[in-house]
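A.B. asks: Kindly return the folded structure for what I paste below:
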Amino acid sequence: MARDQIDMTPLQSRDELVAWLAAGVKPPSEFRIGTEHEKTPFTLEGYHPVPYEGARGIGALLEGMQLLLGWEPIMEHGNIIGLYDVTGGGAISLEPGGQFELSGAPVETVHQTQAELMAHLAQVREIAAPLGIGFLGLGMTPSWSRSQIPVMPKGRYKIMTNYMPKVGQYGLDMMYRTCTVQTNLDFSSEADMVKKLRVSVALQPIATALFANSPFTEGKPNGFLSFRSEIWRDTDNARSGMIPWAFEDGMGFERWVDYALDVPMYFVKRGDSYIDVSGSSFRAFFDGRNNSLPGERPTLSDWANHLSTIFPEVRLKRYLEMRGADGVPWGRLPALPAFWVGLLYDDTTLDAAWDLVKHWTAAERQALRDDVPRFGFKARIRDRYLFEIARECVKLSHAGLRRRSRIDHLGRDESRHLEPLERILESGRTPAEEMLEKFNGAWGGSVEPAYKEYAF
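C.D. replies: All right, here's what the predicted structure looks like:
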């Protein structure tokens with residue numbers, strides 16, 4: 001979520017942290033779908049990164065969007081860094097390298113997700129085109145070096161930029177060069193949360209393969225199909241990964257709280273300022289042992305902010321967040337929520353999906369996760385190729401969406417949004433392999449054509 005929370009009630013006990021998560025429980029009739037997607041801005045002339053400053057910069061883009069939409073600006077030290085829709089709940093925010101993120105409002109159907117996306121793209125285009133700005137739908141910037149990419153004026157990113165190189169080789173690439181699409185989904189009880197979390201963690205590599213879309217670094221093939229997914233394997237392993245403990249007995253909200261308490265923090269926000277507390281745990285802060293804020297106790301707002309800096313393949317907040325997919329062109333974006341809604345929001349399908357993964361061991365899940373960035377559909381678990389499992393999952397999702405039976409104005413159910421994935425499976429190739437084929441063929445060894453073919 002783009003806004004750092006503002007509840008400044010000091011916390012007294014661990015139970016409050018658990019209660020905050022448990023407050024996410026809602027009846028199935030109130031289940032919603034939230035979709036977030038990032039896209040890389042580039043100059044239409046020359047395909048360069050877009051700076052924040054200046055008449056044709058990202059600040060100007062946000063100001064234009066604010067005038068057009070009438071959304072609340074999110075400000076930091078006099079700079080506009082995002083927008084918030086007070087009525088609908090959607091938001092626009094900036095990732096560290098200027099990646100432009102729409103955090104969609106919570107909607108009831110994938111049809112509404114698609115409608116929201118189309119409206120957003122029309123709005124962005126109206127402002128961006130006169131500024132000479134386009135947007136790219138790939139999982140990673142295909143041609144720029146890290147040093148070329150501008151830094152957005154957000155305090156939390158300065159702290160993260162200093163900390164990242166201490167804990168992994170790819171943290172700065174994650175921040176400045178990657179884009180993702182994520183889906184946020186609800187749960188009806190603690191047990192329902194646990195089941196959905198386990199199924200979606202185990203199956204996250206399937207989404208990674210279906211959406212693999214980052215085969216280029218600085219103009220050349222990087223040897224991976226999803227280099228974005230590979231980046232996450234060495235970004236900050238204290239806060240990312242396949243959370244094997246979530247499959248152990250006793251998993252629930254309390255177990256997540258205990259995990260999050262020990263994840264190193266990045267920052268504490270006080271007023272307009274971010275205080276660097278990187279490396280110390282939330283547990284120490286909770287005990288009044290934070291060196292930067294001696295004797296001070298965290299607030300609920302600090303807790304919510306901290307949970308948003310934990311990056312496992314599936315993240316628990318007051319909903320579950322699917323984090324395994326590369327950013328993709330606009331036509332394929334609604335396929336991600338469709339895939340997960342079909343698997344997780346229909347009980348018959350959820351049971352079938354659990355049957356598919358429940359016998360996998362932690363080591364097998366990890367090996368699949370480690371292999372998928374390089375091998376995509378050719379990664380294996382036990383004696384099966386991921387391609388077969390992907391086909392099975394899309395079929396299950398399709399059945400789940402048909403049973404949900406949410407009909408659009410033309411009488412079609414949500415399963416139609418899976419069509420891009422069904423086409424990928426028919427071709428037998430990940431999107432990255434298709435792109436590499438173009439690079440080695442029609443594109444003549446250049447990534448430049450991507451700025452036309454994969455632009456929004």
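A.B. asks: just the strands in the stretch 101-250 of the chain please.
C.D. replies: Using DSSP state E, counting those that start in this stretch, the strands of the stretch 101-250 of the chain run over 133-136, 180-185, 216-217, 220-221, 240-241.
A.B. asks: centre of the chain versus the fourth one, how much separation?
C.D. replies: So that's strand 220-221. 24 Å (C-alpha atoms, centre = their mean, to the nearest Å).
A.B. asks: Check the second one too.
C.D. replies: Offset of strand 180-185 from its chain centre (C-alpha atoms, centre = their mean): 5 Å.
A.B. asks: List the contacts of that strand.
C.D. replies: For strand 180-185, the surrounding residues in contact (C-beta atoms under 8 Å, 6 or more residues apart in numbering) are 31, 33-38, 106, 139, 196, 211, 228, 317, 319-323, 325-328, 333, 336-337, 340-341, 344-345. Every residue, glycine included, has its C-beta placed from N, CA and C.
A.B. asks: Sitting in helices, which of the residues you listed do you find?
C.D. replies: Taking DSSP state H as the definition of helices, the contacts of strand 180-185 contribute 196, 228, 336, 337, 340, 341, 344.
A.B. asks: can you pull the contacts of the second one?
C.D. replies: Residue 228 makes contact with 139, 140, 174, 178, 179, 180, 213, 214, 326, 327, 373, according to C-beta under 8 Å, 6+ apart.
A.B. asks: If you count neighbours, what's buried in the host helix or strand of the last one?
C.D. replies: Assigned by DSSP states H and E, residue 373 belongs to helix 362-375. Buried residues in helix 362-375, counted by 16 or more other C-beta atoms under 10 Å: 365, 367, 368, 369, 370, 371, 372, 373, 374, 375.
A.B. asks: In terms of pLDDT, where does the fifth one sit?
C.D. replies: If you check residue 370, the pLDDT there is 98.
A.B. asks: Neighbours of the residue lying closest to it once chain neighbours are set aside, how many?
C.D. replies: Distance criterion C-beta to C-beta, 6 or more residues apart in numbering; nearest residue to residue 370, sequence neighbours excluded, is residue 233 at 6.7 Å. Using other C-beta atoms under 10 Å, residue 233 has 15 other residues around it.
A.B. asks: so what pLDDT did residue 233 get?
C.D. replies: Residue 233 carries a pLDDT score of 97 in this model.
A.B. asks: ok, now which ones touch it?
C.D. replies: Taking C-beta under 8 Å, 6+ apart, we find residue 233 in contact with 170, 370, 373.
A.B. asks: how near is the second one to residue 411?
C.D. replies: This points to residue 370. According to C-beta to C-beta, to the nearest Å, residue 370 stands 44 Å off from residue 411.
A.B. asks: now swap in the first one and tell me
C.D. replies: With distances defined as C-beta to C-beta, the gap from residue 170 to residue 411 amounts to 46 Å.
A.B. asks: ok, those two, which is more surrounded?
C.D. replies: Per other C-beta under 10 Å, whichever of residue 170 and residue 411 has more neighbours is residue 170, with 20 against 6.
A.B. asks: For the more buried one, list the residues it contacts.
C.D. replies: Residue 170 neighbours (C-beta under 8 Å, 6+ apart): 230, 231, 232, 233, 234, 235.
A.B. asks: Now rank these by neighbours and give me the top one.
C.D. replies: Neighbour counts for the contacts of residue 170, by other C-beta under 10 Å, peak at residue 232, which reaches 27 neighbours.
A.B. asks: Could you tell me which residues make contact with that one?
C.D. replies: Contact analysis of residue 232 by C-beta under 8 Å, 6+ apart lists 170, 174, 240, 311, 313.
A.B. asks: Which positions in stretch 400-414 come out as buried?
C.D. replies: Neighbour-count burial for stretch 400-414 flags 400, 401, 404, 406, 408, 413, 414 (criterion: 16+ other C-beta under 10 Å).
A.B. asks: so the strand ranked longest in the chain versus helix 335-344, what angle?
C.D. replies: Using DSSP state E to define each element, the chain has its longest strand at strand 33-43. Computed by axes from the mean of the first three to the mean of the last three C-alpha atoms, to 10 degrees, the angle separating strand 33-43 from helix 335-344 equals 160 degrees.
A.B. asks: Convert strand 33-43 to CSV, retaining C-alpha atoms only.
C.D. replies: Presented in CSV, the C-alpha positions along strand 33-43 are these (Å, rounded to 0.1, in the frame of the first residue of the first chain):
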residue,chain,number,x,y,z
ILE,A,33,-9.5,-8.7,-5.1
GLY,A,34,-6.7,-6.2,-5.1
THR,A,35,-4.2,-6.0,-7.9
GLU,A,36,-1.0,-4.0,-7.9
HIS,A,37,1.2,-3.5,-10.9
GLU,A,38,4.4,-1.7,-11.7
LYS,A,39,5.6,-0.4,-15.0
THR,A,40,8.9,1.3,-16.0
PRO,A,41,8.6,4.8,-17.4
PHE,A,42,10.9,5.6,-20.3
THR,A,43,11.4,8.6,-22.7
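A.B. asks: The following helix or strand past that strand - contacts with which helices or strands?
C.D. replies: Following strand 33-43 in sequence order, the next helix or strand is helix 58-69 (DSSP H and E). Packing partners of helix 58-69 (3 or more C-beta pairs under 8 Å, 6 or more residues apart in numbering; DSSP states H and E): strand 79-84, strand 91-94, helix 110-128.
A.B. asks: repeat that with 10 Å
C.D. replies: When contacts are defined as 3 or more C-beta pairs under 10 Å, 6 or more residues apart in numbering; DSSP states H and E, helix 58-69 packs onto strand 72-76, strand 79-84, strand 91-94, strand 100-103, helix 110-128, strand 133-136.
A.B. asks: This completes my enquiry, with thanks.
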